[in-house]
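Chemist: Attaching a predicted model along with its sequence, questions to come.
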Amino acid sequence: MKNKFYQYILQLQNQITSGLEAVDGLAKFREDIWERPEGGGGRTRVIENGNVIEKGGVNISAVHGKLPEAMQKMFNVGEADFFACGLSLVIHPKSPMVPTVHANWRYFEMYDDNGKVINSWFGGGQDLTPYYLFEEDAKHFHQVCKNSCDKHNPGFYPKFKTQCDAYFWNAHRNEARGIGGLFFDYCKETEQMSMENWFNFVTEVGNSFLEAYVPIVQKRKDLEYTSAQKTWQEIRRGRYVEFNLVHDKGTLFGLKTNGRIESILMSLPPHVQWVYDHHPEVGSAEEKLIKVLENPVDWIV
């Protein structure tokens, strides 16, 4: 399974970077191949200063070795060997009318002293972070997510949508990072779902990413915007950074397993503002967004 999923993310990275280069029309991804001293490595692709994309990354990695002590505590296990691979992406558009997007699909194995797999699971998801709320865009993104889920289990979308709203919650701000999507983790073999079933589901979601995001980009990328709206985008990006550095398990996992720092922190946007005690104008489009972030919405009724 680990080889099968790794081959999949190699192909998916090519598919997504090609699709994003096409919609940007100017910038190309720069590629870095890196190795992790303890075992494994990855292929980082970063795009900057395009027509549409200000900064973004689509990274894959496959790392293995001894499970670090911090991760042993997280999983409540003793010493063990592990393997983890996945694709992680974040795209920060230039225009505040185009939402930031994040996605991740991953697979994890743990082994006993004889190299036998004693635990394995899939995780991942995709979520949208707009700066100005276009409800039809939110509905489109969630509908694509739901379509992918419904092909495998009609209960998946409501469950994983709720988990996404809960996970991407900036507790210290009492607001969501964005308008959600899907989040699933520790997807293990059960009587109802084999690991092959989970593979089929996770790859279904991965294959839907461009369909979920690119039409929104194409619809919003040429809209005019003001310097004040760009400032708002940068203030909201500050909240994005706060979540990634304070709460995000993927970032913490990378830092605690001696991951490649440039790849881990490529999710951070290039221009950010923190304005003291900032509040949007009452009745404004900015306030409309905040009210939605304070109370997650069911976009598919």
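Modeler: Sure, I can see it.

Chemist: which residue is nearest the middle of this structure?
Modeler: residue 103 (2.7 Å; CA atoms, centre = their mean).

Chemist: Residue 151 - how many residues pack around it?
Modeler: By the criterion of other CB atoms under 10 Å, residue 151 has 14 neighbours. Where C-beta positions appear, they are placed from N, C-alpha and C, glycine not excepted.

Chemist: I'd assumed residue 205 was in contact with it.
Modeler: No: checked against CB atoms under 8 Å, the pair residue 151 and residue 205 is beyond contact range at 9.9 Å.

Chemist: the helices in this protein, which residues?
Modeler: Here the chain has its helices, by DSSP state H, at 2-24, 69-75, 135-150, 156-167, 195-207, 209-220, 227-246, 249-256, 261-264, 285-294.

Chemist: Give me the average confidence score over stretch 48-60.
Modeler: For stretch 48-60, mean pLDDT is 97.

Chemist: Give the residue spans of the stretch 151-300 of the chain that score low on pLDDT.
Modeler: 257 (pLDDT under 70).

Chemist: any idea how far the residue of the chain most remote from its centre lies from residue 81?
Modeler: Centroid-distance maximum for the chain: residue 114 at 34.1 Å, with CA atoms, centre = their mean. Going from residue 114 to residue 81 by CB to CB, to the nearest Å gives 10 Å.

Chemist: what does residue 67 give?
Modeler: In terms of CB to CB, residue 67 sits 7 Å off from residue 81.

Chemist: Now for the residue nearest to the residue nearest to the centre of the chain when sequence neighbours are not counted, how many residues are close by?
Modeler: Leaving out its chain neighbours, the residue that sits closest to residue 103 by CB to CB, 6 or more residues apart in numbering is residue 126, at 3.8 Å. Each residue near residue 126 was counted by other CB under 10 Å, and the total is 25.

Chemist: Over to residue 161?
Modeler: For residue 161, using other CB under 10 Å, the count is 24.

Chemist: Now for it: which residues touch it?
Modeler: 142, 145, 146, 180, 181, 182, 298 (CB atoms under 8 Å, 6 or more residues apart in numbering).

Chemist: and those, which two are the farthest apart?
Modeler: Spatial extent of those (CB to CB) is set by the pair 182 and 298 at 13.9 Å.

Chemist: more crowded one of the two?
Modeler: Taking other CB under 10 Å, residue 182 and residue 298 do not tie; residue 182 has more neighbours (26 against 11).

Chemist: Report whether the expected contact of the more buried one with residue 141 is present.
Modeler: No: look at residue 182 against residue 141 with CB under 8 Å: they stay out of range, at 9.9 Å.

Chemist: List the buried residues for stretch 283-290?
Modeler: Going by neighbour count (16 or more other CB atoms under 10 Å), the buried part of stretch 283-290 is 286, 289.

Chemist: List the contacts of that stretch.
Modeler: Applying CB under 8 Å, 6+ apart, the contact partners of stretch 283-290 are 130, 131, 132, 133, 175, 232, 236, 280, 281.

Chemist: Sort out which of those residues are buried, if you could.
Modeler: Among the contacts of stretch 283-290, those classed as buried by 16+ other CB under 10 Å are 130, 131, 132, 133, 175, 232, 236, 280.

Chemist: closest to residue 200 among those residues?
Modeler: For the buried ones among the contacts of stretch 283-290, the nearest to residue 200 is residue 130 (30.2 Å; CB to CB).
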